[in-house]
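Colleague: Need coordinates for the following:
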Amino acid sequence: EDYPSSVSHLKLCLTALGRPFPCSSIELVIGVVWQFIRQISHFTGIQRAINAVLVPKGHSLLMESSRDAALVYQKLQQLHLLGHLSESKLERVYLSLNALNLGEEAKSLIPIEEMAELYLISAMSFISCFPRKLYFVTWYLLKKARKVYISNNAMIPPTLRWLFDPMGQTFFRNGNWDYSREGTVFSSVPNSMNPLCFASRGFREFLLEKIALTIISPSMELDENIEYRRSYSAGLVITNCIQLLKDSCYVTESSRFSSALLSSKPVSLRQEDRVTYWWASVMAVALAWLLGEEEKAEKLYQDVEDYPKELMNLNHPLPSAVLHSFRARKCCFNPTAMPGPTLRLCDKAGALVKESLNYSLYQMPPPLVQAFQVLSIDWCLSTRKHVFESNKMDCNSSEVYGVSEGYREDLRCLRRLLHHIPEIHSKVNLYEITLRLMAGANPVKTQQMLDRSLRRRNRFASVICTKGSRKIFHLRQDSVSYRGRGGLVVRSRPRGRRVAGSRPDSTEDPPCMGPVAR
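Modeller: Numbers count the residues shown, from 1 in each chain. Here you go, the predicted structure:
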């Protein structure tokens with residue numbers, strides 16, 4: 001990876017093509033002004049008219065020279081974005097304008113993928129030089145890149161589809177990514193030195209965060225770029241977002257994806273980012289469980305069980321905590337699962353989550369880390385409650401002690417996360433009520449806590465409507481009973497009646513809500 005040598009060779013190529021690189025600032029400024037004028041002439045169509053009149057018909061050599069120069073400028077532009085040239089923004093704009101002008105002159109000789117990439121890389125150069133000021137330039141170049149595929153009846157490669165999604169375009173215009181060569185807990189290092197791979201990695205982490213926060217707390221507002229699709233089922237919207245996330249993890253083995261499709265040759269895809277794909281599979285399973293689609297979730301189990309080697313070598317407890325909590329939660333849907341191994345998986349996951357919380361004790365963890373910590377604890381608490389209910393444990397029995405102790409530890413971790421994610425307050429309340437039921441605490445106070453929690457949940461409309469969500473809210477009608485100390489059985493008051501000092505209940509079912517501890 002001798003980048004200085006690569007830069008010098010590319011500049012030598014420009015000299016051989018009769019386009020020497022500017023040696024002084026004055027030459028650079030004059031070059032930028034001239035290329036800007038040429039770009040305006042391309043935009044207005046004047047350049048095409050001039051070429052039709054002045055350029056001779058047998059100009060294949062001239063076109064080939066323009067094509068070669070455009071590709072050289074493109075390579076220099078990529079190296080400049082990655083920090084292997086000077087930090088001059090003027091130089092970056094010069095490279096971008098040259099690549100655009102020469103590329104449009106030789107468009108017929110440049111492959112579809114390379115021409116679209118030329119527009120996209122140029123857009124990234126303008127974003128880095130003029131952040132949040134030249135949105136219209138970015139929009140124009142994205143539109144030109146899309147038009148390249150549409151005009152040639154070509155399919156957009158999976159690795160670029162996110163750029164033509166409204167949410168992806170907004171992220172791209174904001175330029176919120178970096179070119180770090182270090183992997184993270186949620187993504188791996190791109191193998192390519194193409195700046196688009198780094199932008200794609202940034203988008204994957206951005207989209208994963210939005211999906212995770214929406215799933216752990218469905219009452220949270222979706223991102224403004226997802227809101228435009230609120231007329232559709234929100235569950236379907238999140239499913240499409242997960243599929244978009246998975247698609248962006250793939251790249252084609254062939255650099256000319258559309259050409260391979262047109263020639264009817266088999267196109268092979270490979271995963272560029274196995275780490276993000278694994279997290280996306282976890283989200284897909286979580287959404288299927290949330291919607292009550294157990295059969296769909298079973299088909300995705302293997303994707304989660306295929307634990308990436310990159311995460312095995314990573315010294316971070318969070319991925320392992322999510323994996324163990326997934327395996328524990330999966331036991332709830334297996335009638336032959338034994339409570340002992342299931343609880344041990346919960347204990348292991350809970351210990352790893354606690355370690356993860358201590359891991360970021362001295363600094364605020366990112367929202368994405370907090371979201372998966374909540375998800376892991378949520379699965380552990382739901383699993384412990386399922387074990388308690390399925391084995392019909394008595395509050396005074398010795399078996400319930402092991403369940404309630406682990407439950408209490410997990411709930412303590414969830415309370416710590418409540419300070420960072422206030423939207424999970426109702427979830428914490430319901431789990432606290434469940435703990436009181438396990439311990440056989442004062443039934444009157446438990447009933448009051450339940451009523452307050454249900455009234456609080458009634459104020460928030462959920463984004464995701466779960467299967468059987470109305471059934472969940474019939475808790476306000478049905479009896480809530482458990483065996484307290486002395487065999488006392490407590491039942492909730494029916495909906496519609498009013499107890500002195502209490503508020504009247506709503507006569508309508510509240511909006512669909514997120515997951516409730518069952």
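
Colleague: burial measure for the nearest residue to Cys241 once chain neighbours are set aside, as a count.
Modeller: Distances taken as C-beta to C-beta, 6 or more residues apart in numbering put Ile211 closest to Cys241, at 5.6 Å, once the chain neighbours are dropped. No exception for glycine: its C-beta is placed from N, CA and C like everyone else's. Using other C-beta atoms under 10 Å, Ile211 has 27 neighbouring residues.

Colleague: could you check the distance from Ile211 over to Ala286?
Modeller: From Ile211 over to Ala286 the distance is 9 Å, taken as C-beta to C-beta, to the nearest Å.

Colleague: List the residue ranges of the stretch 201-350 of the chain that fall below the pLDDT cut-off.
Modeller: Along the stretch 201-350 of the chain, segments meeting pLDDT under 70 span 218-233, 252-269.

Colleague: For it, which segments count as strands?
Modeller: With DSSP state E, counting those that start in this stretch as the criterion, the stretch 201-350 of the chain has strands at 250-252, 269-271.

Colleague: quick one: average confidence on the helix or strand hosting Cys380?
Modeller: Under the criterion of DSSP states H and E, Cys380 resides in helix 367-390. Across helix 367-390, the average pLDDT comes to 92.

Colleague: Just the CA atoms of that helix, as PDB, please.
Modeller: This file holds the C-alpha atoms of helix 367-390, laid out as PDB (Å, rounded to 0.1, in the frame of the first residue of the first chain):
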ATOM      1  CA  PRO A 367     -27.400   4.900  21.600                       C
ATOM      2  CA  LEU A 368     -26.900   1.800  19.500                       C
ATOM      3  CA  VAL A 369     -25.000   0.000  22.300                       C
ATOM      4  CA  GLN A 370     -27.700   1.000  24.800                       C
ATOM      5  CA  ALA A 371     -30.400  -0.300  22.500                       C
ATOM      6  CA  PHE A 372     -28.900  -3.800  22.200                       C
ATOM      7  CA  GLN A 373     -28.300  -3.800  26.000                       C
ATOM      8  CA  VAL A 374     -32.000  -3.200  26.500                       C
ATOM      9  CA  LEU A 375     -32.900  -5.800  23.900                       C
ATOM     10  CA  SER A 376     -30.700  -8.400  25.600                       C
ATOM     11  CA  ILE A 377     -32.100  -7.700  29.100                       C
ATOM     12  CA  ASP A 378     -35.700  -7.700  27.700                       C
ATOM     13  CA  TRP A 379     -35.200 -11.200  26.300                       C
ATOM     14  CA  CYS A 380     -33.700 -12.400  29.600                       C
ATOM     15  CA  LEU A 381     -36.600 -11.000  31.700                       C
ATOM     16  CA  SER A 382     -39.200 -12.400  29.300                       C
ATOM     17  CA  THR A 383     -37.600 -15.800  29.400                       C
ATOM     18  CA  ARG A 384     -37.400 -15.900  33.200                       C
ATOM     19  CA  LYS A 385     -41.000 -14.900  33.400                       C
ATOM     20  CA  HIS A 386     -41.900 -17.700  30.900                       C
ATOM     21  CA  VAL A 387     -40.000 -20.300  33.000                       C
ATOM     22  CA  PHE A 388     -41.800 -19.100  36.100                       C
ATOM     23  CA  GLU A 389     -45.300 -19.300  34.500                       C
ATOM     24  CA  SER A 390     -44.700 -22.600  32.600                       C
END
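
Colleague: Could you list the buried residues of that helix?
Modeller: For helix 367-390, a neighbour-count test (16 or more other C-beta atoms under 10 Å) marks 368-388 as buried.

Colleague: roughly how far out does the helix or strand following that helix sit from the chain middle?
Modeller: Past helix 367-390, further along toward the C-terminus, the next helix or strand under DSSP H and E is helix 399-418. Relative to its parent chain, helix 399-418 has a centroid offset of 29 Å by C-alpha atoms, centre = their mean, to the nearest Å.

Colleague: for helix 399-418, which positions count as buried?
Modeller: Judged by neighbour count (16+ other C-beta under 10 Å), helix 399-418 contains these buried residues: 400, 402-404, 406-407, 409-411, 413-414, 417.

Colleague: Dump the residues you listed into JSON lines; add distance to Tyr149 and pLDDT as well.
Modeller: Compiled in JSON lines, the buried residues of helix 399-418 are given as follows (distance: C-beta to C-beta, whole Å; pLDDT from 0 to 100):
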{"residue": "Val400", "distance to Tyr149": "61", "pLDDT": "57"}
{"residue": "Gly402", "distance to Tyr149": "59", "pLDDT": "62"}
{"residue": "Val403", "distance to Tyr149": "56", "pLDDT": "74"}
{"residue": "Ser404", "distance to Tyr149": "59", "pLDDT": "77"}
{"residue": "Gly406", "distance to Tyr149": "54", "pLDDT": "87"}
{"residue": "Tyr407", "distance to Tyr149": "54", "pLDDT": "88"}
{"residue": "Glu409", "distance to Tyr149": "53", "pLDDT": "90"}
{"residue": "Asp410", "distance to Tyr149": "49", "pLDDT": "90"}
{"residue": "Leu411", "distance to Tyr149": "52", "pLDDT": "91"}
{"residue": "Cys413", "distance to Tyr149": "48", "pLDDT": "92"}
{"residue": "Leu414", "distance to Tyr149": "47", "pLDDT": "91"}
{"residue": "Leu417", "distance to Tyr149": "44", "pLDDT": "90"}
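
Colleague: ok, those residues vs Ala106, which is closest?
Modeller: Leu417 (55.8 Å; C-beta to C-beta).

Colleague: Would you confirm that Pro22 belongs to a helix?
Modeller: No: counting by DSSP: H, G, I helix; E, B strand; the rest coil, Pro22 falls outside a helix, being coil.

Colleague: isn't it right next to Gly31, touching?
Modeller: Yes: Pro22 lies in contact with Gly31 (C-beta atoms under 8 Å); the separation is 5.4 Å.

Colleague: hey, what's in contact with both of these two?
Modeller: Counting by C-beta atoms under 8 Å, 6 or more residues apart in numbering, the shared contacts of Pro22 and Gly31 are Tyr94.

Colleague: Comparing the two, which shows the higher neighbour count?
Modeller: Gly31 (20 against 15).

Colleague: any chance you could read off phi and psi for the more buried one?
Modeller: In terms of degrees, to the nearest 10, the main-chain angles of Gly31 are phi -60, psi -40.
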